[in-house]
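In: Have a look at this prediction, sequence included:
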Amino acid sequence: MGSTLSQSRRTPSKRNVVGDFTPRRLATNNRGLVAIIAIGVACLLASCDRIEHSRSQATHDDPGDVHSAEHDSATPFAWPDDPSHPVLRLDIDSDLARGTIAIELMPELAPVAVAHVIDLARHQYYDGTTFHRVIPGFMIQGGDPNSRDRDPRNDGQGNPDLRIADEFSRAPFVRGVVGMGNKGTRNTTGGQFFIMHADSLNLDGRYTVIGRVRSGMEVVDAIMEVSIDRVGRWGPKDRPIENVVMRSVTIEVQNTNEVQQAMTSDGSRDPNEAKPLGNSLADL
């Protein structure tokens with residue numbers, strides 16, 4: 001009887017062995033693999049301008065982190081009304097969507113971001129780019145210079161060093177509102193922008209609003225009808241299979257004091273926050 005007990009102590013149980021690994025060792029290896037995958041995903045997301053896709057209308061658990069005191073005011077929000085507002089015109093060309101989307105920019109909401117977009121448009125930064133992310137019932141996103149090339153896999157990752165500070169306001173993210181994409185952390189607003197296809201108030205206070213569509217929402221609706229790679233087999237998820245191109249993006253600026261002040265005032269744009277623009281597309 002003693003001999004049998006001694007033998008059982010020396011021979012490991014088959015139920016506790018899987019190949020050459022014990023369950024404890026397998027768990028350790030799996031945790032390491034999960035950590036590596038998590039780091040890779042985090043690095044990928046950090047290089048892209050993203051807009052969180054959620055149908056929930058709930059506010060943040062910690063509104064103080066992203067909402068200003070003004071945003072939490074009970075006073076009803078009123079859109080700025082000024083006939084001298086600059087207008088961003090997007091000339092769209094695709095098989096299913098053609099026309100012009102006119103965006104009324106509102107420097108009262110985000111003077112630095114509006115000046116930033118005007119500067120980019122004047123340097124032809126957006127010409128030839130596409131709407132590389134289309135989610136019906138949510139929004140369309142575009143303006144990445146990487147979308148000009150023939151490789152869809154890098155769309156959304158262009159100019160990672162181009163960034164300005166957030167300018168949160170009380171403007172709600174309702175249909176037709178235009179906001180700036182960011183990389184998921186504070187003060188990482190870049191050059192990409194998005195147009196709301198439907199109300200999504202859970203975005204309020206989390207992204208910079210620069211204005212809203214004045215005309216051309218029917219073009220936005222038409223873009224929603226294009227075929228979309230929803231699972232990301234050829235590039236980023238929710239990318240149109242056929243390009244929806246912004247052939248030209250032009251700016252009409254009248255005498256807007258807020259814009260001129262933001263573009264010329266010393267210190268209004270920290271040169272360390274935004275990558276200086278060159279004089280040609282090759283420099284961008």
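Out: Perfect, I can see it now. Everything numeric here is computed off the predicted structure, so don't read it as measured data.

In: helix, strand or coil for Ser248?
Out: Three-state call for Ser248 (DSSP: H, G, I helix; E, B strand; the rest coil): strand.

In: pretty sure it is in contact with Ala121, am I right?
Out: No: here Ser248 lies out of contact with Ala121, judged by C-beta atoms under 8 Å, at a distance of 9.5 Å. C-beta here means a position set from N, CA and C on the backbone, and glycine is covered the same way.

In: between the two, which one's more packed in?
Out: Using other C-beta atoms under 10 Å as the criterion, Ser248 and Ala121 rank with Ala121 on top: 23 against 16.

In: phi, psi of Ala222?
Out: phi -70, psi -40 (degrees, to the nearest 10).

In: how far away is the residue nearest to it when sequence neighbours are not counted from Thr185?
Out: Nearest non-adjacent residue to Ala222, counting by C-beta to C-beta, 6 or more residues apart in numbering: Ala97, 3.9 Å away. Distance of Ala97 to Thr185, given as C-beta to C-beta, to the nearest Å: 32 Å.

In: When those two are compared, which one has more neighbours?
Out: Using other C-beta under 10 Å as the criterion, Ala97 and Thr185 rank with Ala97 on top: 23 against 9.

In: Just the pLDDT for that one.
Out: Looking at Ala97, its pLDDT reads 91.

In: Test my guess that it contacts Gly216.
Out: No: look at Ala97 against Gly216 with C-beta under 8 Å: they stay out of range, at 10.1 Å.

In: where does the stretch 151-284 of the chain have low pLDDT?
Out: Within the stretch 151-284 of the chain, the ranges that satisfy pLDDT under 70 run 255-284.

In: Strands of that one, start to end?
Out: Using DSSP state E, counting those that start in this stretch, the strands of the stretch 151-284 of the chain run over residues 177-180, 193-196, 208-215, 228-229, 239-240, 245-252.

In: Which of the ones you listed sits closest to Leu90?
Out: Nearest of the strands of the stretch 151-284 of the chain to Leu90, taken as C-beta to C-beta: strand 245-252 at 5.1 Å.

In: what's that closest one packed up against?
Out: Contacts defined by 3 or more C-beta pairs under 8 Å, 6 or more residues apart in numbering; DSSP states H and E place strand 245-252 against strand 87-93, helix 111-122.

In: deepest of the ones you listed, which one?
Out: A comparison of the helices and strands packed on strand 245-252 by mean neighbour count, using mean count of other C-beta atoms under 10 Å, puts helix 111-122 on top with a mean of 23.

In: Now do that one against strand 87-93, angle only.
Out: With axes from the mean of the first three to the mean of the last three C-alpha atoms, to 10 degrees applied, the angle from helix 111-122 to strand 87-93 works out at 40 degrees.

In: show me the contacts for Asn243.
Out: Counting by C-beta atoms under 8 Å, 6 or more residues apart in numbering, Asn243 touches Ser94, Thr130, Ser147.

In: Nearest to Arg230 among the residues you listed?
Out: Checking the contacts of Asn243 against Arg230 by C-beta to C-beta gives Thr130 as the nearest, at 16.8 Å.
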